[in-house]
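Chemist: Provided below are the primary sequence and the corresponding predicted coordinates.
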Amino acid sequence: PISLYMQRAVAVLTLFTKADCSLCDVLKGVLSKTQHKYKLVEVDITRPENKAWFDKYKYDIPVLHLQGAFLTKHRLSLQFLDAHLEAYYANGSIPRVNGDPNPDLPRPPTPLS
């Protein structure tokens, strides 16, 4: 419901991507269907300042985080995204999702823009 989206800070989705990534383009297509529900930050892992993210995700893009927490890699369904956004807006929760590539690597700081 719309009222949920007004009660909490706008959700931030961080998309780890690079140029010429067909899976990234498909995932962006899913994201475009609900773009009014969140702020999207794209991180090009091939940029020098994002080397730590490249080391973590080089074989797994696209990777998507919600509020800095791993959400999914490779694919995204609209139903999955909506369920996680609704949980965030309803009670601030971000359910833990398994599947984070290389979870033992140190977590780089999340880019703000």
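Modeler: Right, received. Where do you want to start? None of these values were measured; they are calculated from a predicted model.

Chemist: partners of whichever strand or helix holds residue 13, with directions?
Modeler: For residue 13, the host element (DSSP states H and E) is strand 11-17. According to DSSP bridges, strand 11-17 forms sheet pairs with strand 38-44 (parallel), strand 63-66 (antiparallel).

Chemist: show me the shaky parts of this protein.
Modeler: For the chain, applying pLDDT under 70 flags the ranges 1-7, 102-113.

Chemist: tell me which stretches of it form helices.
Modeler: Taking DSSP state H as the test, the helices found in the chain are 2-7, 22-32, 51-57, 78-91.

Chemist: now for residue 27: which residues touch it?
Modeler: The contact partners of residue 27, taken as C-beta atoms under 8 Å, 6 or more residues apart in numbering, are 15, 62, 64, 74-76. All C-beta atoms are positioned from the backbone trio N, CA, C, and that covers glycine.

Chemist: for the residues you listed, which one is nearest residue 99?
Modeler: residue 74 (9.2 Å; C-beta to C-beta).

Chemist: ok, for that closest one, nearest residue in space, not its chain neighbours?
Modeler: residue 23 (5.8 Å; C-beta to C-beta, 6 or more residues apart in numbering).
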